[in-house]
Every structure is written in C-alpha cells, then in structure tokens.
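Peer 1: here are the coordinates; sequence isn't available:
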C-alpha cells in the first residue's frame, strides 16, 4: 500500500506512507496522460480526419484511389457524442460527398491511412489476454467506432454445450473466427476472452456464456483502418458507386508488397473535426477509456515532432516533466492508460504531477474531467452521504491485483489537496479493496 496526500498550494506532505515506493497505478495513470495532453495541446485542440482522393476525375469516373487519412482521433465514428455522426452516419456523409461530385465509379482502391502513429499499436507491456478484448484495443492513426465490435453467441441447451457463433456487429467477413466458447448456467454473465493482436485477422474466442437467449460480448477490431476502408467501400457500392479495387490499409499493403506506397498529391473531399480535447478527456476519465488515454499519450509527441512510437511518447513525457523540475525517481511508465502491469509510479510522483497541473491554465477543465465521488463516472456509487460526497474528484484504477484512486479533494478548511492511494498484490478473498480505499477517502476529507 502506498499513500500520498499533499497540499496543492504549498506541496507540504500531509500523509505519507510508502509514498516513494514504485507501484502499478492501473487506470490512475490516465490522470497523467490526459492532463499532459491538455497541457501540451490546449483544451480546445481538435483532431482532423480527411477524406482524400488521388488521381484524375474524368467525367463521372475517378481514376485513382480514395484515402481516409487519420490523425489519431480516438472518437472518430463514436456513438458518445450526440452532436457528431457515429461511424455509420459518418461513412454515409463520405458517400454523399462523392455522389455530390457526380462520381459513379472509382477505378482504384479505398485506403484507410493510419500512418499518423507508428503501426505497432499496442504497448510492448500489454498482456496477451487483454489485447483482443474491447478495452485492449491498440491506438492507431486511424481509429473507427472506438475500434470495437460485438460478437453474438447462441448458448447451448445444456452446461458445457457448444455456444454457436452467430455474427459480428459490425460485419467483419474478412476476419477468421475460431470459436471454442461453451455454455454455463444461467446468470453467470460474460466469461468470454477474445485472443488476438493488432493487424492479426484471426481471433480466437474462448470461455463461457450463460444459458438463455443469444448473448453478445465486445471485442477489439484488429485493424481499424482496414475496417474503415472496408465499410466505406461497402456503402459506396450499396449506394450505386462502383469500386473496381479493394479495401486496403497500411498494414495490409505492407503484408502484400512489403512497402507502403503513398500518393504524391491528394485532394480533400471531406474534413471531419473531433470534439475539443477537453470533451474527449472528460469521457476518458469518467469512463476509463484506454483507447482515448493512449491517444493522449502519443498525440503530443507527434505534434511536437518527438516521434510517433509509444517509446517516443514516453520519452517525451519524461523530458517534459523534468523541465517542470519534478523528481521522477520511481516513475517508470509503459503506456498512457495503465493497462500494462509493468507500469511504475510512486504516490509522490502522482501527487507532485497533480500539483503541477493545478498551476497550469488548463486546470479548471482538467479538474472538471475527473469523476466526483457519489456523483459521476466510475466513482458515482462511492462515498454517498459522507464528507467525500461531491468533494473528492477521483480517478479509479483496477487491474488484476491492483486497486488505486488519485485526484483532488478539499479538507475541512477548504484547502485543495492532491492524493494518491495505490494498493498492489492484495488478496480479494479477505474482503473488498474498494471498500477499504473508500474508507480512506472519506477519512481524508476530515483532515
């Protein structure tokens, strides 16, 4: 167990217990990735996704290719933002823009271009058991529908009977599904694990679904850029625009030819702007979305010309925080989301960085992006009708053997404090770690 509570105003240690011990922070790491992105890029930064074409238009025929050019937007085609189109609506907007140009035939391919980030989408330290599941989707330069799909099974009539694969939504006919899922008793819930890695088109599905009606679970689309291209090509043809080529992506082209040929000149047909960064970060921290956190890690590195790989982004982090004068002893990040068990951070690292955010001009938006105990996000059920209710702004963190909380609160005198509570290697058979950490968060408000 590590605990650090500090005055944001003075930096004074109020409570310190194993506060310099490097521990796995789980999703409290998102406090750093989101705040750093907002600090570097500004709270109103937006991602742009372009629909381009290369080649010549002769009459109603485009003799060339269509390119969906991503810039790392994790929200592209998401359903979360009601004032923006989801992936189906956005694709139909792209189709309409081509129809409005009078194009009835495309003599070429449809490409998803995710080269804005390095193609090694998943951090090195992510677990094999996480990457095929929706929360373990790697962040690419072209994300689409949050890189998520649903797979539906039909449970068998008896325990341990085969659960038949029914469909995926959206449709992904180019994937090979290996299904070994079986049936468990009614009410047991989702026990399915999907095994796969970015750009691997074979997914292995193992585990159990409960008896009863058809049952659906969420998985990670292996190559979101390929899916975006596939879906656009499908909708073009369904709307009467013939496409003679194939759906393609950076990784698919490299598999086939060993290199990626890029057009020397393109023209833009349609520009899509993401929500402002402060809205993306609010969703990320409220609902602990790993994809958004990884985008927050990598985007500043690319914008600052510090590199487009995960390692480049982490190196950029360390350099940035050193320029702020922080002691980084024990800080050993591996990703932006906290999914990697090998992440290391001391509670003092966390409270010092949180203190630094309080001095930045983006602090009000950042502070509002953190869930509030008893009210919002993943901590809405904690601390109700206590001193912590409506007071403690806390990001939760949870991976195997890890429970953590970090953020801000005001003490009895109304002074703002930063805090970090990290519990590693606990035994859940002896009770609920969440309940014990909740008690500490309530007690600290009485300091």
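Peer 2: Arrived safely. Because the structure is predicted, anything quoted here is derived from the model rather than measured. Residues are numbered from 1 along each chain as shown.

Peer 1: going forward, measure contacts and count neighbours with C-alpha atoms only.
Peer 2: Will do.

Peer 1: Against residue 291, how distant is the closest residue to residue 116 other than its chain neighbours?
Peer 2: With Cα to Cα, 6 or more residues apart in numbering as the measure, residue 141 is the residue that lies nearest to residue 116, at 4.6 Å, once sequence neighbours are left out. Counting by Cα to Cα, to the nearest Å, the separation of residue 141 from residue 291 is 12 Å.

Peer 1: With residue 31 instead?
Peer 2: 14 Å.

Peer 1: Between those two, which is the more surrounded one?
Peer 2: Counted by other Cα atoms under 10 Å, residue 31 and residue 291 do not tie: residue 31 has more neighbours, with 29 against 24.

Peer 1: so after the helix or strand containing that one, what's the next helix or strand?
Peer 2: Secondary structure here is read from DSSP states H and E; on that basis residue 31 sits in helix 30-41. Remark: after helix 30-41, the chain's next helix or strand is strand 48-58, criterion DSSP H and E.

Peer 1: what pLDDT, on average, does that next one get?
Peer 2: Summarised as a single mean, pLDDT over strand 48-58 is 97.

Peer 1: chain center to that strand, what's the gap?
Peer 2: Its chain's C-alpha centre and that of strand 48-58 lie 28 Å apart, by Cα atoms, centre = their mean, to the nearest Å.

Peer 1: And for stretch 369-379?
Peer 2: Centre-to-centre, stretch 369-379 and its host chain are 19 Å apart (Cα atoms, centre = their mean).

Peer 1: sorry, back to before: in contact with the residue nearest to residue 116, which residues are there?
Peer 2: Taking Cα atoms under 8 Å, 6 or more residues apart in numbering as the contact definition, residue 141 lies against 70-73, 113-119.

Peer 1: make it 6 Å
Peer 2: Going by Cα atoms under 6 Å, 6 or more residues apart in numbering, residue 141 touches 70-72, 114-117.

Peer 1: so what's residue 222 up against?
Peer 2: Applying Cα under 6 Å, 6+ apart, one finds that residue 222 lies in contact with 198-199.

Peer 1: So it: helix, strand or coil?
Peer 2: coil (DSSP: H, G, I helix; E, B strand; the rest coil).

Peer 1: where's it relative to residue 136, distance?
Peer 2: Remark: distance between residue 222 and residue 136 (Cα to Cα) = 10 Å.

Peer 1: for residue 124, same thing?
Peer 2: If you measure residue 124 against residue 136 using Cα to Cα, the figure is 12 Å.

Peer 1: Between those two, which has more neighbouring residues?
Peer 2: residue 136 (26 against 13).

Peer 1: just checking, the more buried one touches residue 129?
Peer 2: No: between residue 136 and residue 129 there is no contact under Cα atoms under 6 Å: 8.8 Å.

Peer 1: Out of all residues in the chain, which is the farthest from the middle?
Peer 2: When each C-alpha in the chain is compared with the mean C-alpha position (Cα atoms, centre = their mean), residue 59 comes out farthest, at 42.5 Å.

Peer 1: what's the spacing between that one and residue 104?
Peer 2: 9 Å.

Peer 1: next one: residue 367
Peer 2: Applying Cα to Cα, one obtains 50 Å for the distance of residue 367 from residue 104.

Peer 1: ditto for residue 324
Peer 2: Using Cα to Cα, one gets 56 Å for the distance from residue 324 to residue 104.

Peer 1: Of those two, give the one with the bigger neighbour count.
Peer 2: residue 104 (18 against 10).

Peer 1: Would you check that the more buried one makes contact with residue 241?
Peer 2: Yes: with contacts defined as Cα under 6 Å, residue 104 counts as touching residue 241 at a distance of 4.6 Å.

Peer 1: Do me a favour and get the end-to-end distance for stretch 141-153?
Peer 2: For stretch 141-153, by Cα to Cα, the gap between its terminal residues amounts to 31 Å.

Peer 1: So which bits of that stretch are buried?
Peer 2: Using 16 or more other Cα atoms under 10 Å as the burial criterion, the residues of stretch 141-153 that qualify are 141-153.

Peer 1: What is the nearest of those to residue 197?
Peer 2: Residue 197 lies nearest to residue 147 out of the buried residues of stretch 141-153, by Cα to Cα, at 12.4 Å.

Peer 1: Contacts only, for that closest one.
Peer 2: With Cα under 6 Å, 6+ apart as the criterion, the residues that contact residue 147 are 220-221, 224.

Peer 1: 10 Å instead?
Peer 2: Each residue near residue 147 by Cα atoms under 10 Å, 6 or more residues apart in numbering is listed here: 74-78, 134-140, 219-225, 227-228, 291.
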